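1. Predicted structure and sequence below. I'll ask about it afterward.
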Amino acid sequence: MDRRTPMIAGIAFAVLYAVALIVIPKLPGVDQPGSDIVAHVSEHSATMRMQALLLAFGSLALVVLLGYARERLSGPPSYVFTIGAAAVLVQVFIATWFTAGLALHPAQLGSATARTITDVVTMWGPMLTITNIMVSVPILLAANDGRFPRWLGIVAAVFAVEQLIETITIIGPPGSFISPGGPMNSYLGAPLFILFFLALGIALSLEQQRDHRSETVDDTVGEPDRVDEPATVDDAAE
């Protein structure tokens, strides 16, 4: 594939996920009644299904990006990264099942059912922090080993630390900044999630370009200089 593929995949992922996040207001929080959720779904049902489509295509781009990243890892961190990457995708898919499923029959949606399903979806963000750490820490270790640019290691470190702190949202009180699915998940964790994978895609393309230049230089150095063969007596006679 083209060396720009990881960068293109990262940009596609970032754009699709960002649009999916801003195209529709987030579901009412855990401190809101089920009737508010029913009203929200009834008003935004078509947009919620469009959001699911954007996340589906964005996840395809993310798979490409994760595959390129895995290729540059080795040892135990590579296995941790693989498990974490798979878990990230599975969590995105399961959360999308529930949110898009709510939008299929909004007129028949009951308050208790809407509240229960939304509570399950709400825990996606808090639990996603663990899988994000599983993905970002191996990238940080690889950057320390020189397999990625140092600036990506800094981005991975910031993301990992923030996600570690954000695990508090698993037990955060309803209606607070650290409530499950609240502002910390939506307005801090989600943008950093997108920026981290965008940075990873850019770094992967830059590293592939650097590797290609190194191979070109090695090939050039490896070629022996041509030496003109001395003329023979027959050649001189001619």
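-> Thanks, I have the structure now.
2. Give me the longest helix you can find in this protein.
-> If you go by DSSP state H, the chain has its longest helix at helix 34-71.
3. Pull out the buried residues from the helix or strand following it.
-> Counting by DSSP states H and E, the next helix or strand C-terminal to helix 34-71 is helix 76-102. Of the residues in helix 76-102, 77-78, 80-82, 84-85, 87-89, 91-92, 95-96, 99-100, 102 count as buried by neighbour count, 16 or more other Cβ atoms under 10 Å. (Each C-beta comes from the backbone N, C-alpha and C, glycine too.)
4. In terms of secondary structure, what does the helix or strand just after helix 76-102 contact?
-> Going down the chain from helix 76-102, the next helix or strand is helix 111-122, by DSSP H and E. Counting contacts by 3 or more Cβ pairs under 8 Å, 6 or more residues apart in numbering; DSSP states H and E, helix 111-122 packs against helix 34-71, helix 76-102.
5. Please compute how far whichever helix or strand comes after helix 111-122 lies from its chain's middle.
-> Next along the chain after helix 111-122, taking DSSP H and E as the criterion, comes helix 124-144. Centroid separation for helix 124-144 versus its chain: 10 Å, with Cα atoms, centre = their mean, to the nearest Å.
6. ok, for I24, nearest residue in space, not its chain neighbours?
-> T47 (4.5 Å; Cβ to Cβ, 6 or more residues apart in numbering).
7. Number of residues surrounding V137?
-> Using other Cβ atoms under 10 Å, V137 has 20 neighbouring residues.
8. Oops, could you answer that again for T116 instead?
-> Neighbour tally, T116, other Cβ under 10 Å: 12.
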